[in-house]
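**Q** This is the structure alone, sequence omitted:
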């Protein structure tokens, strides 16, 4: 599992007009998931230690974001025959185990990950209510142990977004396991 960081994506970048399938094979258009104030798109998976460490925060933060009229979706780009722990069946298990109450989508073609230039799991993108990228950064300042977090960054960015303020700067990249590209 190679450690990589997310790459810079310009603020204002438009949410792609595309769909990803849910664990039941139903097509989910990304733009249909926009909340009144925005959408958090989290590229993540089941087996990466970085993703596993933030899943509880992601589930909890999604509930907080929902109260702000910001929806959340998670997208798994690691639907790869060499990584069965990230397969659709395993995703269904994790939805139940982790109490995921927002769409957890299977990017089997990896088209979404490529369109977003996602690099790692996790890789987070917060869009405003018009589908423009507002924040592309980490959840907080300590991925490994939530008890050692000293600065919330995702929720702070969402609060600024809802208040109509400029996006926070700097936006620190997320770090995580590299996406398991099928053609590599």
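**A** All right, it came through fine. Only a predicted model underlies this, so the values are computations on that prediction, with no experimental measurement involved. Numbering: from 1, shown residues only.
**Q** Checking the residue nearest the centre of the chain next. Helix, strand or coil?
**A** Centroid check for the chain by CA atoms, centre = their mean gives residue 42 as the closest residue, at 0.5 Å. Assigned with DSSP: H, G, I helix; E, B strand; the rest coil, residue 42 falls in the strand class.
**Q** ok, what's across the strand from the nearest residue to it once chain neighbours are set aside?
**A** Distance criterion CB to CB, 6 or more residues apart in numbering; nearest residue to residue 42, sequence neighbours excluded, is residue 74 at 4.7 Å. Placement of C-beta: from N, CA and C, glycine included. In this structure, residue 74 bridges to residue 42, residue 104 when assessed by DSSP bridges.
**Q** Help me confirm that residue 140 comes into contact with residue 156.
**A** No. Assessed by CB atoms under 8 Å, residue 140 is found out of contact with residue 156, at 9.0 Å.
**Q** Looking at those two, which is more packed in?
**A** residue 140 (20 against 13; other CB atoms under 10 Å).
**Q** ok, the more buried one to residue 79 distance?
**A** 28 Å (CB to CB, to the nearest Å).
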